[in-house]
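K.L.:
Sequence plus the predicted model coming up.
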Amino acid sequence: MNIRSLALSSIIHKKWYNIIFITLSLLILLIFYVIPTPEGLTNEGKIMIGILLSSALLWITEPIPLAATGLFIMVLQPLFYIMDAKEVFSSFGNQAIFFLIGAFIIAAAVETHGLHKRIALSFLKRFEKNPRILTFGIMLSCASMSFIMPEHGVAALFLPIITSILLAMKLIPKQSNFGKVSILSIAYGCSIGSLGTLIGGARNPLTIGFLSDYGINITFDQWMLYSMPIVFICLPLVWIILQLVFPIEKLDISLAKQEIEKQVSIQGSFSKQETLVLFTLLITIFLWVFFSNNTYFGLAGIALLGSVILFITGTITWKDIEKKVPWGLILLYGGAITLGFGMQKTQAGAWIAQKIFESSAGNPYIIIFAIILFTMILTNVMSNTGAVAVLLPIGMAIANQIPFISPTLASMLIALSGGLAFIFIIATPGNAITYSAGYYSTKDLFKAGSLANILCLCVIFAVAIIYWEGILGI
């Protein structure tokens, strides 16, 4: 069979794959429309659960773009008379969406002027003493960069830098453990670091937007207060797992040092544009940390202010924004918010929570553990944001049923567990981006990722019980 025939066969296979899962999704809706309404649940709530399962299937299998599923959710609710169109679209206008837009614009400016590469190289230069320290430096650098820009952008930035180092060292892909650990350190560092601030992943502002609909406002510094202990604990532990699973061979690190020095020298001195972007970024972060609890301005207002400053100073153009801002993610996000709003309004989430409460015999520790475990399983087989969007309404309903679990606690459990997808290529863009370099196999990812996920599950559970509840009282 020639290449053209193989390509045609692949297209046909993909087409049938898409048709099957779109049909299954519609069949789920039909089933939930016609089946009798369970006791304790309204007819609208029953259909809303059907929409939840239907959209979850589409987010997992992706027969249509993730953003299109977000639009599908918005269309279905007025179509089935759950909420009128005006109500659905008004819930889409959540302030967290505008925070996300502002954050993406600032990240686009950082990337446009190469400021992110300069910061990345300055980090790596401090860790070039030996192979093990360098891999920790890669992971720490990726995590730190994920505090100020989306994790997939960080992975895309670091991959060519690290692969150039590995090529300079003449390492053989999939045979060198140093190569495996270095590339996996990018993927895992980005995932762990993305938990730290509201900028790292779209699921973070999704969570605060969801909580704000219930009158709970989480500021930029509060998020960091909750999330940073998990980042600080998980980062070195996951790095140790990589060292144990893939023991690094003896290597001459001098070639790596030379490559880093070469790339640093190419950057040259700071340009005027870079300086303006860095100043705007620092001012924006300062305002987020100290003034994000302002009722009239808030996180979104500060993010948009930073964006406007970039346009005023001429450091970014709208053409740059059109290229670099993932508008589809914003549509996915909007659909997720309307999904949560519908689950709350119809009491569908409360009904599911009640069933979970009954099956766990009302033990809050079992429920906390189950929330973390189920979120990690789901986030490994579908979009991180999609997994969090599916589970937030259920988590909120659980919090309303069980006094020991607060809405903030339940939401943070889901948001942070939803960022730790270490096992499969499809689980997160960082995994897919780094896998493309060819330095590790899917088996390598599964072997290291399974252990990393188990470890992080235990860390989040311990932090939730000891730190969030015991010390912070959330």
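P.N.:
Cool, got the structure.

K.L.:
Nearest the geometric middle of this structure, what residue?
P.N.:
The C-alpha lying nearest the average C-alpha coordinate of the chain belongs to Gly201 (CA atoms, centre = their mean; 4.0 Å).

K.L.:
Skip the chain neighbours and tell me the closest residue to that residue.
P.N.:
Ser194 (4.2 Å; CB to CB, 6 or more residues apart in numbering). Backbone N, C-alpha and C define where each C-beta goes, glycine included.

K.L.:
Quick one: residues contacting the one you found.
P.N.:
146, 150-151, 200-201, 204, 419 (CB atoms under 8 Å, 6 or more residues apart in numbering).

K.L.:
Nearest to Gly301 among those residues?
P.N.:
In terms of CB to CB, no member of these lies closer to Gly301 than Asn204, at 17.5 Å.

K.L.:
and the closest one, how many neighbours does it have?
P.N.:
The number of residues packed around Asn204, counting by other CB atoms under 10 Å, is 28.

K.L.:
ok, it to Lys447 distance?
P.N.:
Using CB to CB, to the nearest Å, we find Asn204 at a distance of 29 Å from Lys447.

K.L.:
before we move on, what about Pro403?
P.N.:
Relative to Lys447, Pro403 is positioned 41 Å away (CB to CB).

K.L.:
These two: which is more packed in?
P.N.:
Remark: of Pro403 and Lys447, Lys447 carries more neighbours, 16 against 8, as counted by other CB under 10 Å.

K.L.:
now that one, nearest residue through space, not along the chain?
P.N.:
Val245 (5.9 Å).

K.L.:
element containing Leu211, please.
P.N.:
Using DSSP states H and E, Leu211 falls within helix 203-212.

K.L.:
Show me what that helix is packed against.
P.N.:
Judged by 3 or more CB pairs under 8 Å, 6 or more residues apart in numbering; DSSP states H and E, helix 203-212 is in contact with helix 95-112, helix 327-345, helix 384-401, helix 407-417.

K.L.:
how distant is the first one from the center of its chain?
P.N.:
What that stands for is helix 95-112. On the basis of CA atoms, centre = their mean, to the nearest Å, helix 95-112 is displaced by 15 Å from the centre of the chain it belongs to.

K.L.:
That helix: what's the following helix or strand?
P.N.:
Using DSSP H and E, the helix or strand that directly follows helix 95-112 along the chain is helix 115-124.

K.L.:
ok, now the shortest one?
P.N.:
Past helix 407-417, further along toward the C-terminus, the next helix or strand under DSSP H and E is helix 429-435.

K.L.:
follow-up on the earlier one: so what's the residue count around the residue nearest to Lys447?
P.N.:
Val245 has 18 neighbouring residues, counting by other CB under 10 Å.

K.L.:
again with the one 10 residues further on
P.N.:
Other residues within reach of Leu255 by the criterion other CB under 10 Å amount to 16.

K.L.:
That one in helix, strand or coil?
P.N.:
The three-state label given to Leu255 by DSSP: H, G, I helix; E, B strand; the rest coil is helix.

K.L.:
Confirm for me that it is in contact with Met169.
P.N.:
Yes: at 4.8 Å, Leu255 counts as touching Met169 under the criterion of CB atoms under 8 Å.

K.L.:
how about the helices in the stretch 1-150 of the chain?
P.N.:
Listed in chain order, the helices of the stretch 1-150 of the chain (DSSP state H, counting those that start in this stretch) span 3-34, 43-61, 66-79, 85-92, 95-112, 115-124, 131-145.

K.L.:
make that the stretch 201-350 of the chain, sorry
P.N.:
For the stretch 201-350 of the chain, the helices defined by DSSP H, counting those that start in this stretch cover 203-212, 220-245, 254-267, 272-291, 298-312, 318-324, 327-345, 348-359.

K.L.:
ok, the residue nearest to Gly201 to Ala155 distance?
P.N.:
Ser194 is 10 Å from Ala155, by CB to CB.

K.L.:
Of all the residues in stretch 119-137, which ones are buried?
P.N.:
119-121, 123-124, 127-128, 131-132, 134-137 (16 or more other CB atoms under 10 Å).

K.L.:
Over to stretch 377-385?
P.N.:
378-380, 382-385.

K.L.:
same question, stretch 18-30
P.N.:
Neighbour-count burial for stretch 18-30 flags 21-22, 25, 28-29 (criterion: 16+ other CB under 10 Å).

K.L.:
Out of those residues, flag the one nearest to Ile162.
P.N.:
Nearest to Ile162 among the buried residues of stretch 18-30: Phe21, at 35.4 Å, using CB to CB.

K.L.:
my read: the closest one touches Trp59, true?
P.N.:
No: under the criterion of CB under 8 Å, Phe21 is not in contact with Trp59, lying 10.7 Å apart.

K.L.:
Do I have it right that Leu391 meets Leu378?
P.N.:
Yes: counting by CB under 8 Å, Leu391 touches Leu378, with 6.9 Å between them.

K.L.:
Now do the shared contacts for those two.
P.N.:
Gly418.

K.L.:
so which strand or helix has Gly179?
P.N.:
Of the helices and strands defined by DSSP H and E, Gly179 is found in helix 177-193.

K.L.:
From the contact counts, what lies against that helix?
P.N.:
Right, helix 177-193 is packed against helix 131-145, helix 151-168, helix 220-245, helix 429-435, helix 442-462 by 3+ CB pairs under 8 Å, 6+ apart.

K.L.:
which one of those lies closest to Ser359?
P.N.:
Evaluated over the helices and strands packed on helix 177-193, closeness to Ser359 peaks at helix 442-462, with 18.9 Å, by CB to CB.

K.L.:
relative to helix 220-245, how tilted is the closest one?
P.N.:
Angle, helix 442-462 to helix 220-245, by axes from the mean of the first three to the mean of the last three CA atoms, to 10 degrees: 130 degrees.

K.L.:
What is helix 442-462 packed up against?
P.N.:
Partner elements for helix 442-462 (3+ CB pairs under 8 Å, 6+ apart): helix 177-193, helix 220-245, helix 364-379, helix 407-417, helix 429-435.

K.L.:
mind listing what's buried in the last one?
P.N.:
In this case it means helix 429-435. Applying 16+ other CB under 10 Å to helix 429-435 flags 429-431, 433-435 as buried.

K.L.:
farthest-separated two in those residues?
P.N.:
Farthest-apart pair in the buried residues of helix 429-435 is Pro429 and Tyr435; separation 10.5 Å (CB to CB).

K.L.:
ok so, going back, now the residue nearest to Gly201, what are its backbone angles?
P.N.:
Here is the backbone geometry of Ser194 (degrees, to the nearest 10): phi -70, psi -10.

K.L.:
re earlier: JSON lines for the buried residues of stretch 18-30, including distance to Val308 and pLDDT?
P.N.:
Listed next are these as JSON lines, based on distance: CB to CB, whole Å; pLDDT from 0 to 100:
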{"residue": "Phe21", "distance to Val308": "42", "pLDDT": "90"}
{"residue": "Ile22", "distance to Val308": "41", "pLDDT": "93"}
{"residue": "Ser25", "distance to Val308": "40", "pLDDT": "93"}
{"residue": "Ile28", "distance to Val308": "44", "pLDDT": "93"}
{"residue": "Leu29", "distance to Val308": "42", "pLDDT": "93"}
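
K.L.:
biggest separation within these, which pair?
P.N.:
The span of the buried residues of stretch 18-30, defined through CB to CB, is set by Phe21 and Leu29 at 13.2 Å.

K.L.:
I appreciate the help and will end here.
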